[in-house]
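Q: need coordinates for the below:
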Amino acid sequence: MSKNGRILVAMSGGIDSSVTAMLLHEQGYEVIGITMKTWDYAGAGTSKKETGCCSLDSINDARSIAVNKGFPHYILDIRSEFGDFVIDNFVDEYIAGRTPNPCVLCNTYIKWDALVRRADMLNCEFIATGHYANIRNENGRYVISKGIDENKDQSYVLWGLNQESMARTKFPVGQFRKQEIRDMAFEMGFYELSKKSESYEICFVPDNDYRSFLKHKKPELIDQLEGGSFVATDGKILGKHRGYPFYTIGQRKGLEVAFGEPMYVTNINPKNNTVTLGLFDELNKQSMTVRDVNIQKFANLGSPIEAITKIRYKDPGTNSTIAMEGTGMKVTFHKPIHAVAPGQSAVFYDGDDVIGGGFIEKEINKDS
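A: Just a heads-up that it's a prediction; the model follows:
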């Protein structure tokens with residue numbers, strides 16, 4: 001029996017999760033590796049060579065680490081659950097005129113649930129992933145905070161985890177910077193792993209072209225939507241578009257219509273198949289509502305508090321006041337914020353700590 005207990009490590013075959021497994025192994029945990037098969041590219045109608053966490057090469061890379069270090073490794077096929085929930089939601093959100101967050105949904109409803117269930121089956125007390133984040137117990141609650149490496153911090157995509165999952169979760173690489181992780185892999189003798197590139201694609205959109213993916217999934221509907229109108233804020237028709245699901249709030253490039261000045265997508269109306277274009281300043285918003293809120297740091301949020309709110313992954317965050325309204329949240333920004341996109345995640349921070357998060361429902365008003 002190991003001194004620290006048994007831990008199930010999610011191994012994608014990439015450097016972060018591989019070093020996670022090796023660090024825990026060296027710390028005295030009884031490591032069991034698991035690679036989750038969430039997707040196969042044949043389902044996307046693409047001929048591109050498989051890359052990323054679901055490819056055969058990645059699975060083999062994860063297994064080779066386990067063999068080298070002498071711990072078990074399993075493959076867990078969750079394609080059915082993943083496809084039914086994450087991919088269907090991804091398509092439905094674009095059809096509804098919103099911009100989805102598939103990684104948040106996958107973490108919250110698929111990966112952690114699958115990890116915890118398999119951990120129970122294998123008598124593992126803990127689970128671990130290669131996310132750049134930190135987690136601690138404070139006053140009886142588990143709190144997620146930003147990773148040390150601000151450029152790699154992934155706390156934004158973890159707002160949906162509940163206390164039960166957090167109590168069993170470890171993020172070993174959150175205390176390190178990316179270059180330190182590469183150096184560790186090199187020093188451990190995994191030279192190719194230390195140089196391995198990273199993929200920033202959505203795992204089920206291998207060519208990073210979500211428009212082609214949507215057309216593959218909903219060909220007849222997308223064909224019907226082509227030829228809708230670009231309109232100005234005053235309703236004037238400015239031209240024809242390729243179908244409103246192909247556009248996102250704040251988009252400037254790829255509009256395929258010439259204007260005398262830069263124009264941006266400011267609104268998407270699925271009912272009328274129209275995409276509203278406006279000037280940069282028309283994207284400024286002062287407040288918004290957020291749905292499906294999950295609060296992590298506090299047992300309850302009875303009164304409004306000050307927080308830093310991020311509305312997208314690379315957003316540095318904006319000072320705001322947040323107030324619960326039923327199961328939702330009203331967010332009032334202390335200065336106008338740019339390009340609020342319904343469907344994206346809003347994540348609330350207290351310094352480096354994640355207070356919680358939810359999905360952006362709508363902006364309430366424009367900056368005057």
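Q: now do the phi/psi pair for Ala323.
A: phi -140, psi 130 (degrees, to the nearest 10).
Q: what is the neighbour count of the closest residue to it other than its chain neighbours?
A: Among residues not flanking Ala323 along the chain, Pro304 sits closest, at 3.9 Å (CB to CB, 6 or more residues apart in numbering). Backbone N, C-alpha and C define where each C-beta goes, glycine included. Neighbour count of Pro304, defined by other CB atoms under 10 Å: 13.
Q: could you do the one 4 residues further on as well?
A: For Ile308, the neighbour count with other CB under 10 Å is 18.
Q: for it, phi and psi?
A: Dihedral angles (degrees, to the nearest 10) for Ile308: phi -100, psi 120.
Q: and the pLDDT for it?
A: The score at Ile308 is 98. That number is its pLDDT.
Q: quick check: Ala346 touching Ile311?
A: Yes. Using CB atoms under 8 Å, Ala346 makes contact with Ile311 at a distance of 5.5 Å.
Q: where's Met22 relative to Ala66, distance?
A: 10 Å (CB to CB, to the nearest Å).
Q: tell me which helix or strand Ser80 sits in.
A: helix 79-82 (DSSP states H and E).
Q: quick check: mean pLDDT across that helix?
A: In the prediction, helix 79-82 has an average pLDDT of 86.
Q: kindly report the same for stretch 289-304.
A: Rounded mean pLDDT across stretch 289-304 is 93.
Q: Ile148 falls within a strand, correct?
A: No. If the criterion is DSSP: H, G, I helix; E, B strand; the rest coil, then Ile148 is coil and not within a strand.
Q: residue ranges for the strands of the stretch 251-368 of the chain, please.
A: With DSSP state E, counting those that start in this stretch, the ranges of strands along the stretch 251-368 of the chain come out as 264-269, 274-278, 284-295, 305-310, 318-325, 328-338, 345-350, 353-366.
Q: packing partners of whichever strand or helix holds Ala21?
A: Using DSSP H and E, Ala21 maps to helix 15-26. For helix 15-26, the elements it packs on are strand 6-10, strand 30-37, helix 56-69, strand 126-128, helix 178-187, helix 191-194, judged by 3 or more CB pairs under 8 Å, 6 or more residues apart in numbering; DSSP states H and E.
Q: and the ones you listed: which comes nearest Glu282?
A: Comparing those by their distance to Glu282 (CB to CB), the top pick is helix 178-187, with 37.4 Å.
Q: what comes up buried for the lowest-mean-pLDDT helix or strand in the chain?
A: The helix or strand of the chain with the poorest confidence is helix 191-194; it has a mean of 82 (mean pLDDT, DSSP states H and E). Judged by neighbour count (16 or more other CB atoms under 10 Å), helix 191-194 contains these buried residues: Leu193, Ser194.
Q: so which residues make contact with it?
A: Helix 191-194 is contacted from outside by Ile15, Ser18, Asp61, Ile65, Arg182, Asp183, Ala185, Phe186, using CB atoms under 8 Å, 6 or more residues apart in numbering.
Q: apply 10 Å and report the result again.
A: By CB atoms under 10 Å, 6 or more residues apart in numbering, the residues outside helix 191-194 that reach it are 13-15, 18-19, 22, 61, 64-65, 181-188.
Q: just the buried ones from those residues?
A: For the contacts of helix 191-194, buried by 16+ other CB under 10 Å: 13-15, 18-19, 22, 61, 65, 181-182, 184-185, 188.
Q: for these, which one is nearest Arg291?
A: For those, the nearest to Arg291 is Gly14 (32.1 Å; CB to CB).
Q: next one: the closest one from His131, what distance?
A: For Gly14 relative to His131 (CB to CB), the value is 11 Å.
Q: repeat that for Pro336.
A: Counting by CB to CB - Pro336 and His131 are separated by 32 Å.
Q: same question for Phe90.
A: Distance from Phe90 to His131, by CB to CB: 21 Å.
Q: higher neighbour count, the two?
A: Counting neighbours by other CB under 10 Å for Phe90 and for His131 shows that His131 has the greater number, 26 against 23.
Q: distance check, the more buried one against Gln251.
A: On the measure of CB to CB, His131 and Gln251 end up 29 Å apart.
Q: overlap in contacts of Met22 and Ala66?
A: Both Met22 and Ala66 are contacted by Val9, Val31, under the criterion CB under 10 Å, 6+ apart.
Q: still on that earlier bit, so what does the helix holding Ser80 touch, helix or strand wise?
A: strand 30-37, helix 112-121 (3 or more CB pairs under 10 Å, 6 or more residues apart in numbering; DSSP states H and E).
Q: how far away from the center of its chain is the shortest one?
A: Between the centre of strand 30-37 and the centre of its chain there are 21 Å (CA atoms, centre = their mean, to the nearest Å).
Q: next, the angle from it to helix 15-26.
A: 160 degrees (axes from the mean of the first three to the mean of the last three CA atoms, to 10 degrees).
Q: pLDDT (mean, whole number) over strand 30-37?
A: Rounded mean pLDDT across strand 30-37 is 94.
Q: just to revisit the earlier point, settle it for me: which of Ala346 and Ile311 has more neighbours?
A: Remark: of Ala346 and Ile311, Ala346 carries more neighbours, 27 against 24, as counted by other CB under 10 Å.
Q: dump the residue contacts of the more buried one.
A: Per CB under 10 Å, 6+ apart, neighbours of Ala346: 156, 159, 288-291, 293, 309-312, 315, 320, 322, 329, 331, 340, 356-361.
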